[in-house]
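1. Fold the following, please.
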Amino acid sequence: MSRTRWHLCALALVLSSAVLSTSLSADDWPQWMGPSRDNVWRESNLIERFPDGGPKIVWRTPVSGGYSGPAVAHSRVVVTDYLTQEDVNVENFQRKQFSGTERVHCLNELTGEVFWTHQYPVNYEISYPAGPRCTPVLTENFVYTLGAEGNLFCLNLQNGEVVWAKNFTEEYNVQTPLWGYAGHPLLDGDRLICIVGGNGTHAVAFHSQTGEELWRTRSSSQQGYSPPLIAELAGMRQLLLFQPSEVAAVNPENGESYWSIPYEATNGSTIMSPIVSGNFIYVGGYSNKNMLIKVSDDGRNAEVVWKDLPKQAVSPINVQPMRVDETILGFDQNGLLYGVDMMNGNRIWHTGELLNTDRPIGSGTAFFVRQEDRYWIFNELGELVIAKMSRDGYEEIDRAKVIDQTNTAFGRDVVWSMPAYANQRAYIRNGRECICVDLAK
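-> This next block holds a predicted model:
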């Protein structure tokens, strides 16, 4: 082989290895909390600190109001919003009627260019009526979206055409929750599992390709806002449903009930998805509610270990807590971040540093994901924060302002939307735009 030809072959091998390495290290974010629905970002080669002036904004695409996070997969970014000419900044707990249009935007992941938009008229009668809450679910062929008033769509990912659709309030004769439908749908095989509400239809599974109802289970006068979760408990796959009157487990394949534990929510506020460790389950909610449950060895029964400990555990509002070993890391309703011992509920440490406060702040919000030995945190101030968290405490590494606050809550400006993390980038939205932030080293 000639020297020139040898060099060309070597160069081709290097380039192909680089392409293969990139494709293997890239990771999609196709649903709420990421590929495994666990708030873990499994990519590497990310910046250690932000450059002077903040990270590079790769693109900006205009959107309207909403709390739903973007989803990223198959070179697409999908985000939902609500377009209205009315002032949707209203006080909490109020139900006023607003007219507008919910929209689903499919963007080019590299450029932010809009590939297609699906839209439909919706009247809102919910508190915090800025827009949808639920992150889309993406597969190779489909995108599933759930709007704030219960409009469920399966759309063709390539062109936005409607494959099938449901209207929860009309088809199941239920009222929209006060703060809108917020239980992110869960895709399990060919089942799309949704929190619907009503008599015998708290959770309903639809065939992912046809929309046919496969099963329905449990009852609820109020849906709550907790997304469904599938976990292995006592060697069994169990679908955990956390609603205002109970914590229950059912068979995700057919909806058969396994066990239930009574729960008494304040204002119907069950928001977090349960946290599981072995055969133990933790749930908590507004008004300092907290509960640790133990599932029996046969998986068919459960009992309360402790509940409603005063000034202990964590009572989440907007932010899903995380478990690291036997420590829960989570935001309490008072807006402070806590490290909590899961087994006894003891608070180990707390901090207000994330929101630049040394005192409680109602429903203070910051969303976090784990990446290797650190966390990427997006707070309600529009800042992206790099930090380390463990049972020993919180250690901030760096932070940068990346997007404006476009909503108000409790008399302060906020941005309440969970980012997506994929392809060494963060995808973040507020009520005016969706941006792509480069975080590659």
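2. Please save the CA atoms from the helix or strand harbouring Leu329 in PDB.
-> Assigned by DSSP states H and E, Leu329 belongs to strand 327-331. Extracted as PDB, the C-alpha positions of strand 327-331 are listed here (Å, rounded to 0.1, in the frame of the first residue of the first chain):
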ATOM      1  CA  THR A 327     -30.900  10.300  50.700                       C
ATOM      2  CA  ILE A 328     -33.700  12.300  49.100                       C
ATOM      3  CA  LEU A 329     -32.700  15.600  47.400                       C
ATOM      4  CA  GLY A 330     -35.700  17.800  47.000                       C
ATOM      5  CA  PHE A 331     -37.400  21.200  47.100                       C
END
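3. List the buried residues in it.
-> For strand 327-331, the neighbour count (16 or more other CB atoms under 10 Å) marks 327-331 as buried. All C-beta atoms are positioned from the backbone trio N, CA, C, and that covers glycine.
4. Stretch 246-259 too?
-> Quick answer for stretch 246-259 (16+ other CB under 10 Å): 246-250, 252, 255, 258-259.
5. Go through those and flag which are in strands.
-> Using DSSP state E, the subset of those located in strands is 246-250, 258-259.
6. Of the buried residues of strand 327-331, which is the nearest to Asn108?
-> Phe331 (33.4 Å; CB to CB).
7. what about the nearest residue to the closest one once chain neighbours are set aside, neighbour count?
-> Once flanking residues are discounted, Phe331 sits nearest to Val319: 4.1 Å by CB to CB, 6 or more residues apart in numbering. Val319 has 26 neighbouring residues, counting by other CB atoms under 10 Å.
8. Now do the same for Val319: its pLDDT.
-> Predicted confidence (pLDDT) for Val319: 93.
9. low-confidence ranges in this protein?
-> 1-26, 91 (pLDDT under 70).
10. tell me the helices in the chain, going along the chain?
-> Using DSSP state H, the helices of the chain run over 3-25, 168-171.
11. Quick check: buried residues in the last one?
-> Okay, so that is helix 168-171. 168-169.
12. what residues are up against the residue nearest to Tyr82 when sequence neighbours are not counted?
-> Once flanking residues are discounted, Tyr82 sits nearest to Gly131: 3.5 Å by CB to CB, 6+ apart. Residues in contact with Gly131 (CB atoms under 8 Å, 6 or more residues apart in numbering) are 64-68, 80-82, 102, 148, 431.
13. Closest one to Asn159 out of those residues, please.
-> Checking the contacts of Gly131 one by one against Asn159 (CB to CB), the nearest turns out to be Thr80, at 17.1 Å.
14. looking at it, that closest one is touching Cys106, isn't it?
-> No - Thr80 sits out of contact with Cys106 when judged by CB atoms under 8 Å, with a separation of 10.5 Å.
15. neighbour count winner among these two?
-> Counted by other CB under 10 Å, Thr80 and Cys106 do not tie: Thr80 has more neighbours, with 31 against 24.
16. Contact partners for the more buried one?
-> Thr80 touches 66, 68, 102-105, 131-132, 134, 136, 145, 147, counting by CB under 8 Å, 6+ apart.
17. need the contact list for the residue nearest to Arg300 when sequence neighbours are not counted.
-> Counting by CB to CB, 6+ apart, Arg300 lies nearest to Tyr258, which is 5.6 Å off, once chain neighbours are set aside. By CB under 8 Å, 6+ apart, the contact set of Tyr258 is 236, 238, 248-251, 299-300.
18. mind putting the residues you listed in a markdown table, distance to Trp32 included?
-> Shown next, in a markdown table, are those (distance: CB to CB, whole Å):
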| residue | distance to Trp32 |
| --- | --- |
| Met236 | 24 |
| Gln238 | 19 |
| Ala248 | 21 |
| Ala249 | 20 |
| Val250 | 20 |
| Asn251 | 22 |
| Gly299 | 26 |
| Arg300 | 29 |
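19. returning to what we had before: any chance of the ones in strands among the buried residues of stretch 246-259 in JSON lines, plus distance to Trp29?
-> What follows is these, written out as JSON lines (distance: CB to CB, whole Å):
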{"residue": "Glu246", "distance to Trp29": "31"}
{"residue": "Val247", "distance to Trp29": "28"}
{"residue": "Ala248", "distance to Trp29": "29"}
{"residue": "Ala249", "distance to Trp29": "27"}
{"residue": "Val250", "distance to Trp29": "28"}
{"residue": "Tyr258", "distance to Trp29": "31"}
{"residue": "Trp259", "distance to Trp29": "33"}
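20. what two of the residues you listed are the furthest from one another?
-> Glu246 and Tyr258 (12.4 Å).
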